[in-house]
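A.B. asks: Quick one, what's the 3D model for this:
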Amino acid sequence: MAKKPTFSTTEILEYIKNNPLCSSVEILDGISQKMSIATLKRVLQDLISSSLVNKLGELKNRRYEISPVYEIIRPI
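C.D. replies: Got it, this is the predicted structure:
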């Protein structure tokens, strides 16, 4: 069973949903919760592992988008 998203995860998912193909720096600048880039990347990796977010590209060119799985299992 998937973990219930925390406040920061929910906000990150909403940002990615509203701003597809965004970078980690754009996400960090766009959310209200303050965290380090390393923490954000750990959260993003957890979201990728949970199939909620897809990553596109590699290293500095990496972008993130909402996975189709998220649309099916997202909380109502």
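
A.B. asks: May I see the buried residues of stretch 38-54?
C.D. replies: Residues Leu40, Val43, Leu44, Leu47, Ser50, Leu52, Val53, Asn54 are the ones in stretch 38-54 that count as buried (16 or more other CB atoms under 10 Å). From N, CA and C alone the C-beta is placed, and that goes for glycine too.

A.B. asks: Adding pLDDT and distance to Ile73, write these out as CSV.
C.D. replies: Putting the buried residues of stretch 38-54 into CSV (pLDDT from 0 to 100; distance: CB to CB, whole Å) gives the following:
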residue, pLDDT, distance to Ile73
Leu40, 94, 22
Val43, 95, 18
Leu44, 95, 18
Leu47, 94, 12
Ser50, 92, 9
Leu52, 94, 8
Val53, 96, 13
Asn54, 96, 14
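
A.B. asks: Which members of those occur in helices, if any?
C.D. replies: Leu40, Val43, Leu44, Leu47 (DSSP state H).

A.B. asks: Hmm, the last one is touching Glu11, no?
C.D. replies: No: checked against CB atoms under 8 Å, the pair Leu47 and Glu11 is beyond contact range at 11.9 Å.
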